[in-house]
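Asks: Turn this into a structure:
(2 chains)
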Amino acid sequence: MDNLTHLTIEEIHGMLTRREASAEEIAHAHIERIKKEDPGVRSYLSTCEEKALDQARAVDRQIAAGKPLLPLSGVPVAVKDVILTRGLHTTCASKMLENYNAPYDATAVQKLEAAGAVVLGKTNCDEFAMGSSTENSGFFPTHNPHDPTRVPGGSSGGSAAAVAANLATVSLGSDTGGSIRQPAAFCGVVGMMGTYGRVSRYGLVAFASSLDHIGPFGRSVRDVARTLKVIAGRDPLDSTSADVSVADYESALDGDVRGVRVGVPGEYFDGLNPEIRSNIEMGIGLLEKLGCRIVPVRMPHTEYAIACYYIICTAEASSNLARYDGVRYGFRSQEYSGLRDMYRKTRDQGFGPEVKRRIMLGTYVLSSGYYDAYYLKAQKVRTLIARDFVEAFDDVDVMVAPTSPIPPFKLGERVDDPLQMYLADIYTVTASLAGIPGISVPCGKLKGDPPLPVGMQIFARHFGETRLLQVADAFEKADGFTLS
Amino acid sequence: MALSEKDVLYVADLAHLELTDQEVKMFVPQLDAVLEYVQKMNQLDTTGIEPMAQVIYPAAENPALRDDHAHPTFTQEEALENAPEEGGGCFKVPQVIERD
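Replies: Numbers count the residues shown, from 1 in each chain, chains lettered A, B, ... in the order given. Purely as a prediction, here's the structure:
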């Protein structure tokens, strides 16, 4: 049954059309593979087998009735557990929401299901999407399918690992400062964050509202392009969703990239791990061979991005997480005396340490006397960082950079030093601050036993997803993923 | 800029977090290190730079407003479904108003 779990969307649709397999058989194959392999990977927090088989059977009935396939008919998908799914638990990998039953679906989930997708379950992540390794999950860590002693990255580690281990065809994650792109790099899959506002955030449990995005993981650029098209679009339920039409991303694939100007930002290579550097440089060399023009660009405010990001995101998080108070939903402490005590104990017992660190940092930087020095200052620095990109895109069409300065590390290796963990987000937070789209694609592996994946990022201007996907697709077709 | 235990307890208070002694001891150096690091931003002269609160795009005036029509949302049962304690169609919490 391995042949049913190692398919692209196009291959699934080919088999459905030729009646070589049914949607139910494909869903069943995934459910069986999850039972067999996920005890080792631990990418899922919960699976919904009955619902998945029901959805798959509905697809089969449509096919039997001669109806045309919808864009994701019969495609098994996994959803990060910070995204609301009606009737299934949405825990955000936190004890605070361990038994929370969302009364509505996120818009992105509604769109997936309306396109015929089969939801297999909810994936593990860092608690409330705060982290870069999935070790901050309130339940258990996820293991990198390439090396189970190593992390899958985070915060969308479960969604990345599920796709990498063939436990879903595509998955949804969320990206605030790199939480789709970095685990994509660590797990050797494709992960994309669209322009801010490209995909509705309605039903995404809020971490940092000006930085949060929902986005897809897949094993190919084409699968990611199709999934993004399905979930993107203006949503009246999210006032920050962009009123910009969604292009047909797939039809732009197979395009000619000759003459595309590819910017290489020097600051993203200063002091870079030499092995990662070597892979990315080979990737850039490949783009040049395909006819792209490589242009050095300067992004002078890059070195301030981590400071800026960790003030803004923690400030927004401290506000967004104020709602977890034991009143209307979620965990409530068992013993307390009075309302204030209930809040204090509920929050201390329900949240893990990283969530508490970020809430406290955010509260501090917003507090009276510190607001101007920290939060307001960070917002001004954000303007400068965003401006670096706008100016660079006057001279180039896309930019490429490493996704992570470090390879996938061992579980437990970096849990003691939060600041060091934050500093490793340096290449991903910039795009989030500017609101531009970014993708991570596999770019070879590091020598070792076992060899570890390396990811290369491609950025584009606001709403430049078409060009970005075109370059990523050309890179994939030229064997960029394996650098062979 | 040293962050003291007192500062951490003050901030925890603002954030409604009842920290254990162990937590306070763990968090002080961790938070201090981050706050020390972010001082870096002071190397940048941001005079005259507008703060960026969010990513905004050119759009029609008031694009985010909809017509003022009521739409169905949740039933009371749905809204109360996840309540830790409920009664009489309300979320139940400890008494807030004191009587003399």
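
Asks: How far off centre is the longest helix along chain B?
Replies: Identified as the longest helix of chain B according to DSSP state H is helix B:21-38. Mean-position distance between helix B:21-38 and its chain equals 19 Å (C-alpha atoms, centre = their mean, to the nearest Å).

Asks: OK, contacts around the spatially closest residue to A:Pro402 that is not a sequence neighbour?
Replies: Spatially, and ignoring its direct neighbours in sequence, A:Pro402 is nearest to A:Ile280 (5.0 Å; C-beta to C-beta, 6 or more residues apart in numbering or on different chains). Quick note: C-beta positions are derived from backbone N, CA and C, even for glycine. A:Ile280 sits next to A:Phe269, A:Leu272, A:Val400, A:Ala401, A:Pro402, A:Cys443, A:Val454, A:Met456 when contact means C-beta atoms under 8 Å, 6 or more residues apart in numbering or on different chains.

Asks: Please work out the average pLDDT along the helix or strand hosting A:Ile280.
Replies: Assigned by DSSP states H and E, A:Ile280 belongs to helix A:274-289. Averaging pLDDT along helix A:274-289 gives 98.

Asks: Can you list the neighbours in contact with the longest helix of chain B?
Replies: Residues from elsewhere that reach helix B:21-38 (C-beta under 8 Å, 6+ apart): A:306-307, A:310-311, A:348, A:353, A:356-357, A:360-361, A:364, A:374, A:378, A:418-419, A:422, B:1-5, B:8-9, B:12, B:19.

Asks: make it 6 Å
Replies: A:Ala307, A:Ile311, A:Pro418, A:Leu419, B:Leu3, B:Glu5, B:Val8 (C-beta atoms under 6 Å, 6 or more residues apart in numbering or on different chains).

Asks: need the residues of the stretch 251-400 of chain A near chain B, please.
Replies: A:304, A:307, A:311, A:326-329, A:332, A:338-339, A:342-345, A:347-348, A:356, A:359-360, A:363-364, A:376-377, A:379-383 (C-beta under 6 Å from any C-beta of the partner chain).

Asks: quick one: the host helix or strand of A:Ser319 to helix B:21-38, angle?
Replies: Assigned by DSSP H and E, A:Ser319 falls within helix A:305-320. Per axes from the mean of the first three to the mean of the last three C-alpha atoms, to 10 degrees, the angle that helix A:305-320 makes with helix B:21-38 is 140 degrees.

Asks: how many neighbours does residue 30 have?
Replies: All of this is about chain A. 28 (other C-beta atoms under 10 Å in any protein chain shown).

Asks: try again with chain B
Replies: Residues near B:Gln30, counting by other C-beta under 10 Å: 20.

Asks: Per-residue pLDDT of it, please?
Replies: Predicted confidence (pLDDT) at B:Gln30: the value is 96.

Asks: From the residues of the stretch 251-400 of chain A next to chain B, list the buried ones, please.
Replies: Listed as buried from those are A:304, A:307, A:311, A:326-329, A:332, A:342-345, A:347-348, A:356, A:359-360, A:363-364, A:376-377, A:379-383; burial here means 16 or more other C-beta atoms under 10 Å in any protein chain shown.

Asks: picking up where we left off before, now the helix or strand just after the helix holding A:Ser319: mean pLDDT?
Replies: Downstream of helix A:305-320, the first helix or strand assigned by DSSP H and E is helix A:339-350. In this model, helix A:339-350 carries a mean pLDDT of 97.

Asks: What are the contacting residues of helix A:339-350?
Replies: Helix A:339-350 is contacted by residues A:95-96, A:325-326, A:331-333, A:336, B:16-18, B:93-94, B:96 when judged by C-beta under 6 Å, 6+ apart.

Asks: pretty sure A:Cys243 is touching A:Arg234, no?
Replies: Slight slip there: residue A:243 is Asp, not Cys. Yes. With contact defined as C-beta atoms under 6 Å, A:Asp243 reaches A:Arg234; the gap is 4.8 Å.

Asks: coming back round to it: only the buried subset of the contacts of helix B:21-38, as a ChimeraX command please.
Replies: Those of the contacts of helix B:21-38 that count as buried under 16+ other C-beta under 10 Å are selected in ChimeraX with:
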select /A:307,311,418,419 /B:3,8
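
Asks: Between which two of the contacts of helix B:21-38 is the distance greatest?
Replies: Distance extremes for the contacts of helix B:21-38: the farthest pair is A:Ala307 and B:Glu5 at 24.1 Å, using C-beta to C-beta.

Asks: quick revisit: helices or strands next to the helix holding A:Ser319 in the packing?
Replies: Judged by 3 or more C-beta pairs under 6 Å, 6 or more residues apart in numbering or on different chains; DSSP states H and E, helix A:305-320 is in contact with helix A:353-366, helix A:377-395, helix A:418-423, helix A:429-434.

Asks: What is the following helix or strand past the longest one packed up against?
Replies: Downstream of helix A:377-395, the next assigned helix or strand under DSSP H and E is strand A:398-402. Judged by 3+ C-beta pairs under 6 Å, 6+ apart, the packing partners of strand A:398-402 are strand A:261-265, strand A:452-460.

Asks: Can you tell me which of those strands is packed in deepest?
Replies: Among these, strand A:452-460 has the highest mean neighbour count (mean count of other C-beta atoms under 10 Å in any protein chain shown), at a mean of 27.

Asks: For chain B, which residues are neighbours of chain A?
Replies: Neighbours of chain A within chain B, by C-beta under 6 Å from any C-beta: B:11, B:14-18, B:30, B:33-34, B:37-38, B:40-41, B:46, B:49-52, B:54-55, B:57, B:59, B:63-64, B:66, B:74, B:78, B:82, B:84, B:91, B:93-94, B:96.
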